[in-house]
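Visitor: Need coordinates for the below:
(chains A and B)
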Amino acid sequence: MDNIYNEIVLEALLKKAVIDDHNNELVSIPSENELKSLFMFSDQYQLKMKLLFRREKQQVIKKIVFNVIRRIAILIMIVGVILFGLLLINIEVRATVRNAITEWFDKFTRYSYSENIPAEKGVIWTFEYQLKSYVEKERVDLGSFTSITYNDDENNEISFQFGIASDISFGIDNERSKYEIRNIGDMEYHIYTAISSEYPSVIIWLQDGYAMCISGFITIDELINIAQTISKK
Amino acid sequence: MFILYMSALDNDEERATFTDIYESLKYTCIHVALKITKNQAMAEDAVHNAFVSLILHKEKYLEMKRCKLKSLIVIIVKNKAIDLLRGEKYKIDMPIENLHSIEVMDNFCISEYVTSGESYRWLVDCISRLPEQYRVVLQLRYIHEFRNNEIAEKLGETQQIIAMKLYRAKKILKKLLLKEGEYFG
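Guide: Coordinates of the predicted model:
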């Protein structure tokens, strides 16, 4: 108990003594005016301090500019959100925004063609490329749209679909594939290479006013080979 | 425009204060540094280094009261001067080797020794005669009430070294008190 008491008293004594010593030290320092007459700073030192404060000033300015830009950006964002919110109160604006979002989404997931593409009606398309071990399994003919399915022994499927471009559209799952366009001859092929063997690769193109789509669990080169041999029956 | 103006105003005030602080204390700083380094060029370097480290944490320092900030700046300048001298391998301390021959009794207690105003004044005098590197640590601890880790950060040392310096400072104080004090074991 005595030791703890002594320790407390010591700390208090030391603190007071250190403070008094430091105060004596500060008081013993002559005033700035008196010291001014005694000391002269070297040119090198004055330059160093000038540069130091200039750098500090530049950092302060950068900080000011950054803060101002940040505040303006936040203000613009808040105003933008408020205005957008106010606009959405209007039914027509809401419908336009919804259509725009839908169109944007469809742009990357749906192929549709304009009504002005001329096409000969009633054409049956077929391909001459020999698919090993695949046989036609099903054919669905809906007039403007035809879908033919081929299967092999292991039940792998290749699908060939075609129809007058202005009458049909094709939907694509673009999340599980890598997209590219290849121009071969006069044809522009939109190719979706599957990123995993669990999903089919797809090729879509426009030929003589008909939209065509072949999908299957085969290589892109084979899909292209099939596409290149497409002709009217 | 208003936001721009307000931002500029705030920082103009800050900037003016910090430069003001330097301008109002530069001779004091050089005087303090010169007392330790005894060399004008080294003293100037010490003052420059002190303000470099002050600028790094200026937001904290600008919040302090002016008198306390002056005290802290003096301590930091002294420390930077000591650092430079350490680099030059100068011995700046009073010769404490003379004290090694004096045994400090295990039960010697400063608080019991300081029983009068005179002995208290002697304690203050002994603190003023401590090596500067220990004095600086005591000042940061007892005047500015920094913890060991904060003192270590300010002086660029580890907490263990700061703890050791505090311990040694008290030990040297006891020896100084014994050397010419009333108490002999």
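Visitor: Return the set of buried residues in whichever strand or helix holds residue A:4.
Guide: Using DSSP states H and E, residue A:4 sits in helix A:2-28. Neighbour counts using 16 or more other Cβ atoms under 10 Å in any protein chain shown place A:10, A:13, A:14, A:17, A:18, A:19, A:20, A:21, A:22, A:25 of helix A:2-28 among the buried residues. (Each C-beta comes from the backbone N, C-alpha and C, glycine too.)
Visitor: And the helices in the chain, which stretches?
Guide: With no chain named, the answer covers chain A. Taking DSSP state H as the test, the helices found in chain A are A:2-28, A:32-38, A:43-87, A:91-107, A:220-228.
Visitor: meant chain B, my bad for not saying
Guide: With DSSP H applied, chain B shows helices at B:2-37, B:40-56, B:58-62, B:66-88, B:110-113, B:117-128, B:132-142, B:148-155, B:159-180, listed in chain order.
Visitor: ok, of the ones you listed, where does mean pLDDT dip lowest?
Guide: Taking each of the helices of chain B in turn, the lowest mean pLDDT turns up on helix B:110-113, with a mean of 62.
Visitor: Can you tell me which residues in chain A are near chain B?
Guide: Proximity of chain A to chain B is confined to A:6, A:9-10, A:13-15, A:17-22, A:24-26, A:29-30, A:32, A:35-36, A:38-39, A:41-42, A:44-45, A:48-49, A:52-53, A:56-57, A:60, A:63-64, A:67-68, A:71-72, A:75 under the rule Cβ under 8 Å from any Cβ of the partner chain.
Visitor: how about 7 Å then?
Guide: Taking Cβ under 7 Å from any Cβ of the partner chain as the test, the list of chain A residues beside chain B reads A:6, A:9-10, A:13-15, A:17-22, A:24, A:26, A:29, A:32, A:35-36, A:39, A:41-42, A:45, A:48-49, A:52-53, A:56-57, A:60, A:63-64, A:67-68, A:71.
Visitor: ok, back up a step: closest to residue B:158 out of the helices of chain A?
Guide: Closest of the helices of chain A to residue B:158 is helix A:2-28, at 22.2 Å (criterion: Cβ to Cβ).
Visitor: got the angle for the closest one vs helix B:159-180?
Guide: Angle between the axes of helix A:2-28 and helix B:159-180 is 90 degrees (criterion: axes from the mean of the first three to the mean of the last three Cα atoms, to 10 degrees).
Visitor: just how off-centre is helix A:2-28 within its chain?
Guide: Mean-position distance between helix A:2-28 and its chain equals 64 Å (Cα atoms, centre = their mean, to the nearest Å).
Visitor: Okay, angle between it and helix B:117-128 too, please.
Guide: Using the same axes, to 10 degrees, the interaxial angle of helix A:2-28 with respect to helix B:117-128 works out to 70 degrees.
Visitor: Report all helices and strands that helix A:2-28 contacts.
Guide: Here helix A:2-28 touches helix B:66-88, helix B:110-113, helix B:117-128, helix B:132-142, going by 3 or more Cβ pairs under 7 Å, 6 or more residues apart in numbering or on different chains; DSSP states H and E.
Visitor: Would you tell me which one of these is buried the most?
Guide: The highest average neighbour count among these, using mean count of other Cβ atoms under 10 Å in any protein chain shown, belongs to helix B:132-142 at a mean of 23.
Visitor: Figure out the length between the terminal residues of stretch A:196-214.
Guide: 18 Å (Cα to Cα, to the nearest Å).
Visitor: avg pLDDT for that stretch?
Guide: Confidence over stretch A:196-214 (mean pLDDT, whole number) is 89.
Visitor: which of the residues in it are buried?
Guide: A:199-207, A:209-214.
Visitor: So of those, which two are at opposite extremes in space?
Guide: Pairwise distances among the buried residues of stretch A:196-214 were taken by Cβ to Cβ; the largest, 29.6 Å, belongs to A:199 and A:209.
Visitor: Now do the same contact list for the residue most central in space within chain B.
Guide: A centroid search over chain B (Cα atoms, centre = their mean) returns residue B:136, at 2.5 Å, as the residue closest to the centre. The neighbours of residue B:136, taking Cβ atoms under 7 Å, 6 or more residues apart in numbering or on different chains as the test, are B:75, B:78, B:79, B:82.
Visitor: Turn the helices and strands packed on helix A:2-28 into JSON lines, columns for distance to residue A:137.
Guide: Supplementary listing: those in JSON lines, determined by distance: least, Cβ to Cβ, whole Å:
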{"stretch": "helix B:66-88", "distance to residue A:137": "87"}
{"stretch": "helix B:110-113", "distance to residue A:137": "102"}
{"stretch": "helix B:117-128", "distance to residue A:137": "100"}
{"stretch": "helix B:132-142", "distance to residue A:137": "87"}
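Visitor: Having no further points to raise, I will conclude here.
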